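Engineer: Give me a 3D structure for the following:
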Amino acid sequence: MIKAILIFNNHGKPRLIRFYQYFAEDMQQQIIRETFHLVSKRDDNVCNFLEGGSLIGGSDYKLIYRHYATLYFVFCVDSSESELGILDLIQVFVETLDKCFENVCELDLIFHMDKVHYILQEVVMGGMVLETNMNEIVAQVELQNRMEKSEFVFISRM
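Structural biologist: This next block holds a predicted model:
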């Protein structure tokens, strides 16, 4: 099961945080700092899996991450998840963001947080993977965009 999804930039600034297990806010901040410290100090040519930090569960949990340009995409999972499956899920999520935002960048995550959360909810909900077909995810996002536009037109006519 996925316990947390963290996206932060090269300086450790969180850009998307989603915990699927309850942690107090101060504990969440410590987990983010510890995770960034563990992931950012690793070289780009080493394995993308490591044991979870002491705050998020130690050896029972794994941190699986990918580093794209200025962003780290980190999934914290328990031992029942496949490392390669989660790496593929990260790839699907990033490619979906790229299709929806046309060359996604850090600013898209900042200024379109609602859309990013919607895309994430199409992929993962409650710590369980819902959809891995990128075309299906993009179709649902486009449907949501059309619904939002039709609501805007309806409201503006009133």
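Engineer: helices or strands up against the lowest-mean-pLDDT helix or strand in the chain?
Structural biologist: Within the chain, no helix or strand scores below helix 134-157, which has a mean of 83 by mean pLDDT, DSSP states H and E. Where contact means 3 or more C-beta pairs under 8 Å, 6 or more residues apart in numbering; DSSP states H and E, helix 134-157 is packed against helix 83-101, helix 113-123. Just so you know, the C-beta spots here come from the backbone N, C-alpha and C atoms, and that holds for glycine as well.
Engineer: Turn those into a markdown table, including mean neighbour count and distance to residue 31.
Structural biologist: Listed next are the helices and strands packed on helix 134-157 as a markdown table, based on neighbours: other C-beta atoms under 10 Å; distance: least, C-beta to C-beta, whole Å:
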| stretch | mean neighbour count | distance to residue 31 |
| --- | --- | --- |
| helix 83-101 | 18 | 18 |
| helix 113-123 | 16 | 18 |
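Engineer: In TSV, list those helices along with mean pLDDT.
Structural biologist: Below are the helices and strands packed on helix 134-157 laid out as TSV (pLDDT from 0 to 100):
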stretch	mean pLDDT
helix 83-101	94
helix 113-123	94
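Engineer: Run through the residues that contact the residue nearest to residue 128 when sequence neighbours are not counted.
Structural biologist: Take residue 128 and drop its neighbours on the chain: the residue closest to it by C-beta to C-beta, 6 or more residues apart in numbering is residue 1, 6.7 Å away. By C-beta atoms under 8 Å, 6 or more residues apart in numbering, the contact set of residue 1 is 20, 77-78, 80-81, 127-128.
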